[in-house]
Each structure stands twice: as C-alpha cells, then as structure tokens.
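Peer 1: give me a 3D structure for the following:
(chains A and B)
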2 protein chains.
Amino acid sequence: MAISEAKKGLGFVSPNPAVGCVFLDKDNHLRSVGYHRSYGGPHAEVEAHGKVQNLESLVGGKAIVTLEPCSHFGKTPPCADLLSRLSLSEVHYGLRDPNPLVSGRGLRKLEESGVKVFSAPKDLESSLKELVEIFYLNQTEKRCFVGLKVASSLDGQMSLPSGDSQWITGPLAREKSHFLRAYFGAVLTTASSVMRDNSSLNSRVEPFHDKEIPVFLIDRKGRSADFLQDSKLLEVRDAKSLYVFTSQDHLKSYTCLPTSQVIDLKSDSDRDQLREIFKFVTHLGFSSLMIEAGPQFTSLILRENLYDRLDLFVGPKVLGAHLKTSWTKGLEFSNMDQVLSFESAEPKTLGGDIWISARNPSAFFDSKL
Amino acid sequence: MAISEAKKGLGFVSPNPAVGCVFLDKDNHLRSVGYHRSYGGPHAEVEAHGKVQNLESLVGGKAIVTLEPCSHFGKTPPCADLLSRLSLSEVHYGLRDPNPLVSGRGLRKLEESGVKVFSAPKDLESSLKELVEIFYLNQTEKRCFVGLKVASSLDGQMSLPSGDSQWITGPLAREKSHFLRAYFGAVLTTASSVMRDNSSLNSRVEPFHDKEIPVFLIDRKGRSADFLQDSKLLEVRDAKSLYVFTSQDHLKSYTCLPTSQVIDLKSDSDRDQLREIFKFVTHLGFSSLMIEAGPQFTSLILRENLYDRLDLFVGPKVLGAHLKTSWTKGLEFSNMDQVLSFESAEPKTLGGDIWISARNPSAFFDSKL
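Peer 2: Purely as a prediction, here's the structure:
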C-alpha cells in the first residue's frame, strides 16, 4: 500500500524521490495513508500524519514507509523526529537513504526513541528501487538519469523505409510512453525526428495534461531553425522550455528562441557532444530526461552505452528488415556473451503490445561529465 | 475441463482432431472425463463413457464435448448414437464438424433422441479452434497445415553475423518449440540450417521423447550429402524418416537414404518448388509440418505467404541489426496498412522470453497444390 501511494507522486516529485507512508494502529487497522505529492511539498510521513483523525490511535501502532525517514532539516523538519514523537511500536522502511553521510541516521534516531525498526521483505526490493531510481543515481553519480524509449515492430523496425510509423504500437503503449515523458520530466530528440513527425512531445495523459515537458533538440546543421517557428513543439510549450544544441555557424538562426537556449556544441565526436549535452542538462538542474528519436540516434546511444534505462515497446507487426529503420544498426558483437541482455526485465503486455523496461547496470558515462 | 482434456492428445492424434469429453450427472457432479488419445484409438466420448462407474448416474445428466459428436461409422461407431442411448438431458458441444457433408448431423441425431443441444460460450471459441486447426484446414483446403517457427532477439536477429545463436531464447521457450515439433509432427528445414548447428530436430520434451519426428530437408545443391552420414539428424531417427529435396544432378549423392526419399525438385522458381514440396508432403499423408530454418528461408516463406501459423519466440537480447541475420529481410511494404499485423495474437511470456503464436488468415497457397 505504501508503494502504491508513493507511485502517485511519480512525475511530480523530481528531483525528490517518490515516497509513500501508511499508519496502522496497535490492532493493525489502517489509520491513514499519504505520499510525497510534489517537490518542495510535505514528505509522505507528514502527509499521512496530517490525515490521522485521532493521534492517540497511533500509540503502539506502526508506520510503514518506502524510504528511510529523513533525519535532517531541509525544506521540512526531520520526519524521523516526527515519527519518534508518536509512541509507535514499530517502523517498517523500504530502502535506506542513498547518501552515505546520512544513510542509517533516520533509523538510528527512531531506535533511540524506543521504536523497533524493520526493513522491507526482499521481494519488494525491485518495486522499491523503481520509486527512487532517478534520485539514487543523481545522488551517487552526480548526473541526470538517462532513459531511452524505443517503439519497434516485432522485427526491430522503427518505421517503414518511407518514414511511416503510425502506428506500430497501440493506444495503451502510447499512453505509457506519454506517462514516461512526464516521469522523466524532459525529452532529448533530434531535428530529423521532430521534423519528420512534427511531434509535440508533451504528455497527453492524465494527470499530466498541464505539465510542461521541456525539450532538448540536437540540430547541428541548423536544419530546423525555420521549421520550429510554426512547429507543434512550440505550439504546446513556452519557448523557454525548448533548448537547441547546434554548431557555431547556426547559433543565430533560431530567432524564435532566447539566445541563452541555443547552445554551441564544441566537441567533434558524437560521444563527446553527447557528454556535453548531458552535462548541460544536469547543470540546468534536470534530474532525468528521456531520449526519443529515430533509429540513427537511438542506435548511437546504444553503441555509446549512454543510457540508464531502456523502455522498449514492441507492436505485433512485421515491417520487413531494412538497416536504415532498425533501432540497433551498427552494434557489433562477435559472440553471444557480449550481446545486450535484459533477462531481469520482465516483459509486460499492453493490449497486443509488449513493454520491456530494462535497466542498464553498465551504462558508461565516463568518470565525470 | 473438456478443453484441457482434449489438449492431452495434441501431438498424438493427428490427422484426427484433438477432442475432450466430460460427463456430469443430473446434479452437475463430475462423473468422468476422457480425451482422444491417439489416431485410430477410441474417441473422447468413448473414453469418458468407459470410465463412468455406474451408467445409471448419467440419466438426466450432461455431456460436454469440444467437437460435435460424429455421426458416421469410421474406425469406431458413431458417438452421437452412444450419447443418444444414455438418457442425458443435455449435450454441450464446442465446434461443429468442418465437413459440410456431415456437419450438424451428429447434433440432429442427438436432438431427435430428445436431448437438448447447446453450443459453447463465445469466449471459448479461440481455444476450441486451436484444438482442431490442423484438422479443419486439412478438411477445407485439402493440404497440409504449415507452421513457421522463428526464434529472434528483440531487434529481429536470428543469430550473430558469425552464426552464433546459442542461446537467444531460454529453456522454457526451447521446450515449447520442442512441443511444437511433436504437435506439427514433421519439420521442414534447409541444408545450410542443419549443417550450421548439426541439429537433431527431435522433440526432447515429455511426453514426446519416443516420438519420431520426420524431417524434410531442402538441399538443391547436394551440399549435405556427405554431412548427413554422421549427422545428428540420422543419429536420432530412422533413415526412413528423412526426406531430401534436391535437383536432378544430386539424386544419387545421398547414399545414406533409400532412393525413394530423395526427391527431384522440378520447378525453377522458389515458389513453385515450395508448392512441389507441400504437395509431396500432403500426398505422403502428413497433415502438418513446421518450418524451422535460417533467416534466408524464413523470410522467403513470409514473402511468398506460404504459412498458416507463425510461432515467434523473442529472447530479451539485442544482437545488433544486420540484414543477413534478420528474419524478415526482403519484405517490402509501402504503407502501414499493408504490413503483417498479428493484433489478435496475445503475446505470452515464457520466463524472460516472449511467445507470439499468430494465425495467418490470408495464407496463399494457390487454388490447388
């Protein structure tokens, strides 16, 4: 229950982790639930606490939280102190705080107040980690979390050679990918991808209709400068939510954007340019972004191993194999031990489509961005 | 229950359909179950009837059968007569007999004897059809049913460019494909595929370990003539269960096989040769076969639209796109309305793998083979 509470905050809490909290009384009756609703707002414990009608009812009761209660004064006072004052008998927590400087402190505070502290059952671990994966990576790697979204046919095609791809996947898969735009909070794409579909790249799914999704656009040759003026990209979002990475020669071409949002890519190699981009996005304060582009750029990201998570949607269609439209061209492996393997990612079905959400434990962004 | 009984006969009953039968007494208590166990053996109704301890208990009871009870004397007397004599109150049947000459006759016999006859609920239809799909197609099209099995990575690759493909899919998927060999009862493959893996193409899964799976091998250039002598193909099966299709020049090269099993392919075009093969297999009395071959032959079958069912196993791996190893190369579609679509085939998961079993309603084998 605490996990499903926490999930309600996904897409709203970043750069904070999603957290859920449940209070039970001494007879294990439910007294309240709460979750962290938005960055800067009350923590899950405070939310749930505020909804308890009679605080006396919690004496000898339990709190169940998906993440170790905080022990420090941030935007809100420490939740470990709040829980300590309630005369609970037990606190059950999901994961520890990823920051080694504070990890375990909240738990210690609770134990010192006489509360028994228990960790979550092992089988909840992967669900608990999903709630905080962006936050954890931000803390440990000091860079934004990079998602890669791909929609493909059964035979690995992102479109027909003509460019037609509407629709390889069905409405449920498309809804899920709209959710992912909100979850990651920003999209990185290329000029050719945006110009082909005139896509708006917003999140047309409840409850994210009003959420602005910033877009980072790679356009080294300045090809989209005129196109952007009347594009859907700028129809559905403020110009301040669009950033273009281009080359020196084209910096002045994007008259529809503030100059601070047109960025000169200085490096020569693809890989170095990508690292420039991720560094820029991280420094702007973004905790994550999702890459949504065509086969050329998608396979580059795979080759360079610059992604933390792959969300692959496979529609039950066969388009016929062509290199130009394959999402993995240019990947070269000489034996089966080397291939990318997503064995721990359980495939799910979404209508007739398949959704595989895989983590890349060996993403390689180099030591420092 | 009748359907799951029927399934026990799959892989043993061909060219008969798989049928299951359940008897209930007047209080809807289960009295017996039975299924058609093997070609030539008793029908499901007779099996279940033989297991009823006290036939009086069926008076006013029900029979539930997956297929219309037969009305003619074949290898066994008509089941409709048997059911008519039991003073049942109701018979519930799954599908009608596909043969227009006898379809409905069994039901009429039952009604004339005073039994109420009911058809199965609509939502069971696809499960019921699966039990008899080979039999139905044999009856209506007078040719063998052709299955196409493919094992591929997430990006549509059947192997690495080196030929290495062990293992793209996991043990559960491989077990299912061994079941399919027994279910289809014969395998059609190519010399290059067999020579690459030295595969045995038998069914190493219970209860089919002892079942001989005949193999039809296409080898127009006689390349496998020497290879076959010490091949696993002939290690695990009798020489009489191996047929080779080759060209005039190589008829005498296969010294390990009886001459009647080395067949001269007379046609020039791929399509005509394939039709020769399916005609030969049908005339030998085979009701179905499964194609298991490499990307070249697999994509030829897809292009020529010469398959009734596709069983696609997708392993959670990314191998990198290459045309040579893609299972759908050479398929050309100019818009999304034309692509192969398997929307009604619900994907299933087998461990970390995905299994899609799709029917091809527009298979085109020409009017007569």
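
Peer 1: surely residue A:346 touches residue B:354?
Peer 2: No. With contact defined as Cβ atoms under 8 Å, residue A:346 does not count as touching residue B:354 (10.4 Å). Using the backbone N, CA and C atoms, a C-beta is placed for each residue, glycine as well.

Peer 1: more crowded one of these two?
Peer 2: Set side by side, residue A:346 and residue B:354 show more neighbours around residue B:354, with 24 against 15, by other Cβ atoms under 10 Å in any protein chain shown.

Peer 1: quick one, helices of the stretch 1-150 of chain A?
Peer 2: With helices called from DSSP state H, counting those that start in this stretch, the stretch 1-150 of chain A shows them at A:2-7, A:44-50, A:79-84, A:105-112, A:125-141.

Peer 1: now render those as TSV, adding distance to residue A:362.
Peer 2: As requested, the helices of the stretch 1-150 of chain A are exported to TSV (distance: least, Cβ to Cβ, whole Å):
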stretch	distance to residue A:362
helix A:2-7	27
helix A:44-50	32
helix A:79-84	34
helix A:105-112	31
helix A:125-141	13
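
Peer 1: in a markdown table, list the ones you listed along with mean pLDDT.
Peer 2: Putting these into a markdown table (pLDDT from 0 to 100) gives the following:
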| stretch | mean pLDDT |
| --- | --- |
| helix A:2-7 | 98 |
| helix A:44-50 | 97 |
| helix A:79-84 | 95 |
| helix A:105-112 | 95 |
| helix A:125-141 | 94 |
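
Peer 1: dump those to JSON lines, plus mean neighbour count and distance to residue A:272.
Peer 2: Compiled in JSON lines, those are given as follows (neighbours: other Cβ atoms under 10 Å in any protein chain shown; distance: least, Cβ to Cβ, whole Å):
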{"stretch": "helix A:2-7", "mean neighbour count": "21", "distance to residue A:272": "37"}
{"stretch": "helix A:44-50", "mean neighbour count": "22", "distance to residue A:272": "41"}
{"stretch": "helix A:79-84", "mean neighbour count": "22", "distance to residue A:272": "42"}
{"stretch": "helix A:105-112", "mean neighbour count": "19", "distance to residue A:272": "40"}
{"stretch": "helix A:125-141", "mean neighbour count": "18", "distance to residue A:272": "18"}
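
Peer 1: tell me which of those sits nearest to chain B.
Peer 2: Each of the helices of the stretch 1-150 of chain A was checked against chain B via Cβ to the nearest Cβ, and the shortest separation belongs to helix A:125-141, namely 14.0 Å.

Peer 1: which strands and helices sit next to the closest one?
Peer 2: Contact partners of helix A:125-141 among helices and strands, from 3 or more Cβ pairs under 8 Å, 6 or more residues apart in numbering or on different chains; DSSP states H and E: helix A:2-7, strand A:62-67, strand A:90-95, strand A:145-153.

Peer 1: now that helix: how far from the chain's centre is it?
Peer 2: The offset between the C-alpha centroid of helix A:125-141 and the centroid of the whole chain comes to 10 Å, using Cα atoms, centre = their mean, to the nearest Å.

Peer 1: which residues touch that helix?
Peer 2: Taking Cβ atoms under 8 Å, 6 or more residues apart in numbering or on different chains as the criterion, the residues outside helix A:125-141 that touch it are A:3, A:6-7, A:10, A:14-20, A:66-67, A:94-95, A:98-99, A:120, A:143-145, A:184, A:287-288, A:308-309, A:359, A:365.

Peer 1: picking that back up, adding distance to residue B:336, write the helices and strands packed on helix A:125-141 out as a markdown table.
Peer 2: A markdown table is the format used below for the helices and strands packed on helix A:125-141 (distance: least, Cβ to Cβ, whole Å):
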| stretch | distance to residue B:336 |
| --- | --- |
| helix A:2-7 | 34 |
| strand A:62-67 | 42 |
| strand A:90-95 | 44 |
| strand A:145-153 | 10 |
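
Peer 1: okay, these in JSON lines with distance to chain B next?
Peer 2: JSON lines is the format used below for the helices and strands packed on helix A:125-141 (distance: least, Cβ to the nearest Cβ, whole Å):
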{"stretch": "helix A:2-7", "distance to chain B": "22"}
{"stretch": "strand A:62-67", "distance to chain B": "26"}
{"stretch": "strand A:90-95", "distance to chain B": "25"}
{"stretch": "strand A:145-153", "distance to chain B": "7"}
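
Peer 1: check contacts around residue A:106.
Peer 2: By Cβ under 8 Å, 6+ apart, the contact list for residue A:106 reads A:68-71, A:78-80, A:97.

Peer 1: just the buried ones from those?
Peer 2: Burial by neighbour count, 16 or more other Cβ atoms under 10 Å in any protein chain shown: within those this picks out A:68-71, A:78-80, A:97.

Peer 1: distance to chain B added to those, as a markdown table?
Peer 2: As requested, the buried ones among the contacts of residue A:106 are exported to a markdown table (distance: Cβ to the nearest Cβ, whole Å):
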| residue | distance to chain B |
| --- | --- |
| A:68 | 31 |
| A:69 | 36 |
| A:70 | 37 |
| A:71 | 39 |
| A:78 | 42 |
| A:79 | 38 |
| A:80 | 39 |
| A:97 | 32 |
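
Peer 1: what's the domain layout of chain A?
Peer 2: Per automatic domain parsing, the domain ranges recorded for chain A read A:2-129, A:142-359.

Peer 1: endpoints of the shortest one, how far apart?
Peer 2: Taking Cα to Cα, to the nearest Å, the span from the opening residue of domain A:2-129 to its closing residue is 13 Å.

Peer 1: how many neighbours does residue A:184 have?
Peer 2: 28.

Peer 1: that one and residue A:290 touch, don't they?
Peer 2: Yes. Checked against Cβ under 8 Å, the pair residue A:184 and residue A:290 is within contact range at 3.8 Å.
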